[in-house]
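J.: pasting the structure only:
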């Protein structure tokens, strides 16, 4: 009789405590988050910080709800939708139109109607979209999403067209000048909604969705109506997306067609990818980080926000495919002695080569930032190249010196890059050149150097982890092959 041997990693996975749906631990964690976050406005006001931070956190909660709802569709069911913003817009317009057109409509009834409208729209659109799979499904969702956007953009008599719905009536308590009342209102709704979604994805229904994501054909063979479950997932995502749209409408006291634009779908997709598409709380982390970067970048450089989003997407797909929460969860085997030993060896092996590359990137970006920065000691906007100009003869020697320094720096850069595989070389060079182009455009050398340093360090740590994981997997497979069977 043969018995199977369990590895330490399997034993740790079996004994690791999990947050099961409906468990006391899960409920208390949600309640603890509610209690702590509930008093944040008082803390901000007591510290005399700007009320902007209360509004910012309110938007983060709304986007977190939208991202978690979207991830039910993408992360748990495996359906990538490029038109999820349609239900965000439908929810916002449903609540806005009811509250503005029907003066007798209670505020709470308008909010209740928004998610219902989102779910109904998702049922209709999803009925057609789930007939196709993969890229065809994604294109269909994008097409339907743009149809919703164009209806809102062109129907002036009903939706207000490109002017949107302005001046939607809201209760007086929402108009609190400190914004703390609406913050607490959104916080309670968001946490309750996220908890409901947590229960859904950890229920038998949610486990079935995960099975459909992994293998829809096999799931169908065991008697599951795959299309019906996909439609239900579509409706769940549409319901909570509509609720998020209504909360956004109240926060702005207005709603515009841009709420249903495909760029909003791209943004929530990035939130899920950044935080971790196969984790429940990953989209919340991604929403917080992306909204923070949005507020920081668009305040000073709004014209590069879309460029920044594209760069973030590329870096996530190449450097962090599992997202931040997925990266953290993969550290489960970090407590083993084998992991610590291999980590020390890898650090000693790569550290010297890495620092060559790291120093090369720093000097490379610093050198070229000085070279191209307008108005610096190197380039004068009033200077023109003329042989009779004395300034020219002062600049030529400095040009030669700069070229020599640049060549040395570039040699350092290449020496470090050669230590890694070809694909890693390309990735590392992109990580150094992309921020270089960014800070050349912005004219801020220091920011470019810092961004380059952080990106290179990030890629290096991921390379260490990838090599370590590969080595760990190879040794584990070898142990399984050579281990004698126990009879």
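T.: Looks like it arrived, so ask away. Small disclaimer: the values here were computed from a predicted structure and weren't measured.

J.: helix, strand or coil for residue 103?
T.: Of the three states, residue 103 takes coil under DSSP: H, G, I helix; E, B strand; the rest coil.

J.: Could you pull up phi and psi at it?
T.: Note on residue 103: its backbone torsions stand at phi -60, psi -30 [degrees, to the nearest 10].

J.: Repeat that for residue 254.
T.: phi -160, psi 170.

J.: residues near it, how many?
T.: If you count neighbours by other C-beta atoms under 10 Å, residue 254 ends up with 19. C-beta: built from backbone N, CA, C; applies to glycine.

J.: Over to the one 3 residues further on?
T.: Around residue 257 sit 23 other residues, with neighbours defined as other C-beta under 10 Å.

J.: Give me the residues contacting stretch 114-124.
T.: Residues from elsewhere that reach stretch 114-124 (C-beta atoms under 8 Å, 6 or more residues apart in numbering): 86-88, 90-92, 94-95, 148, 231, 234-243, 245-246, 249.

J.: Could you list the buried residues of stretch 39-57?
T.: 40, 41, 44, 51, 53, 54, 56, 57 (16 or more other C-beta atoms under 10 Å).

J.: how long is that stretch from one end to the other?
T.: 12 Å (C-alpha to C-alpha, to the nearest Å).

J.: hang on, the earlier thing: out of the buried residues of stretch 39-57, which are inside helices?
T.: Within the buried residues of stretch 39-57, residues falling in helices by DSSP state H are 40, 41, 44, 53, 54, 56, 57.

J.: Okay, domains of the protein per the record?
T.: Domain ranges of the chain: 8-331, 336-482, per automatic domain parsing.

J.: Confidence-wise, which of the ones you listed is weakest overall?
T.: Averaged per stretch, pLDDT over the domains of the chain is lowest on domain 336-482, reaching a mean of 51.

J.: sorry, back to before: are any of the contacts of stretch 114-124 buried, and which?
T.: 86-88, 90-92, 94-95, 148, 231, 234-243, 245-246, 249.

J.: Now do the helices in the stretch 201-350 of the chain.
T.: 204-214, 216-221, 226-252, 262-275, 282-300, 305-319, 323-329, 337-372 (DSSP state H, counting those that start in this stretch).

J.: okay, the angle between the fifth one and helix 262-275?
T.: This means helix 282-300. 120 degrees (axes from the mean of the first three to the mean of the last three C-alpha atoms, to 10 degrees).

J.: Which residues belonging to helix 282-300 are considered buried?
T.: For helix 282-300, by 16+ other C-beta under 10 Å, it's 282, 283, 284, 285, 286, 287, 288, 289, 290, 291, 294.

J.: Show me what that helix is packed against.
T.: helix 52-74, helix 262-275, helix 305-319, helix 323-329 (3 or more C-beta pairs under 8 Å, 6 or more residues apart in numbering; DSSP states H and E).

J.: Please name every helix or strand in contact with the first one.
T.: Using 3+ C-beta pairs under 8 Å, 6+ apart as the contact test, the elements touching helix 52-74 are helix 40-46, helix 180-201, helix 226-252, helix 262-275, helix 282-300.

J.: for these, which one sits closest to residue 308?
T.: helix 282-300 (5.9 Å; C-beta to C-beta).

J.: So what angle separates the directions of that closest one and helix 180-201?
T.: Going by the same axes, to 10 degrees, helix 282-300 makes 140 degrees with helix 180-201.

J.: Just the residues contacting helix 282-300, thanks.
T.: Residues contacting helix 282-300 (C-beta under 8 Å, 6+ apart): 56, 59-60, 63-64, 66-68, 70-71, 75, 194, 267-268, 270-277, 304-305, 308, 312, 323-326.

J.: The same query, at a cut-off of 6 Å, please.
T.: 60, 63-64, 67-68, 71, 271-272, 274-276, 305, 308, 323-325 (C-beta atoms under 6 Å, 6 or more residues apart in numbering).

J.: Need the nearest residue in space to residue 227, chain neighbours excluded.
T.: residue 130 (5.4 Å; C-beta to C-beta, 6 or more residues apart in numbering).

J.: neighbours of that neighbour, just the number please.
T.: Counted with other C-beta under 10 Å, residue 130 comes out at 20.

J.: Can you report phi and psi for it?
T.: Torsion angles, degrees, to the nearest 10, at residue 130: phi -70, psi -10.

J.: What separation is there between the closest residue to residue 162 other than its chain neighbours and residue 90?
T.: Counting by C-beta to C-beta, 6+ apart, residue 153 is the residue found nearest to residue 162 once chain neighbours are left out, at 5.6 Å. Residue 153 is 14 Å from residue 90, where distance means C-beta to C-beta, to the nearest Å.

J.: secondary structure element for the residue nearest to residue 162?
T.: In this assignment (DSSP states H and E), residue 153 forms part of helix 134-154.

J.: Please list the residues outside the next helix-or-strand element following that helix that contact it.
T.: Going down the chain from helix 134-154, the next helix or strand is helix 156-159, by DSSP H and E. Contacts to helix 156-159, defined as C-beta under 6 Å, 6+ apart, come from residues residue 152.

J.: what's the span of stretch 159-172, first residue to last?
T.: End-to-end distance of stretch 159-172: 24 Å, with C-alpha to C-alpha as the criterion.

J.: Now do the buried residues in that stretch.
T.: Buried, per 16+ other C-beta under 10 Å, within stretch 159-172: 159, 160, 164, 165, 168, 170.

J.: Kindly reformat those residues as JSON lines containing distance to residue 108.
T.: Listed next are those as JSON lines, based on distance: C-beta to C-beta, whole Å:
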{"residue": "159", "distance to residue 108": "23"}
{"residue": "160", "distance to residue 108": "24"}
{"residue": "164", "distance to residue 108": "23"}
{"residue": "165", "distance to residue 108": "19"}
{"residue": "168", "distance to residue 108": "14"}
{"residue": "170", "distance to residue 108": "12"}
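
J.: nearest to residue 100, of those?
T.: residue 168 (5.1 Å).

J.: what secondary structure does the closest one sit in?
T.: Per three-state DSSP, residue 168 ends up coil.

J.: Show the contacting residues for it.
T.: 96, 99, 100, 253, 254.

J.: Which elements pack onto the helix holding residue 153?
T.: helix 85-101, helix 107-129 (3 or more C-beta pairs under 6 Å, 6 or more residues apart in numbering; DSSP states H and E).

J.: May I see the buried residues of that helix?
T.: Buried-residue list, helix 134-154, by 16+ other C-beta under 10 Å: 137-138, 140-142, 144-146, 148-149, 151-153.

J.: For residue 167, see how far away the spatially closest residue to residue 210 that is not a sequence neighbour is.
T.: With sequence-adjacent residues excluded and distances taken as C-beta to C-beta, 6+ apart, residue 210 is closest to residue 76, at 5.7 Å. From residue 76 over to residue 167 the distance is 39 Å, taken as C-beta to C-beta.

J.: hang on, the earlier thing: got the angle for the helix holding residue 153 vs helix 262-275?
T.: 130 degrees.
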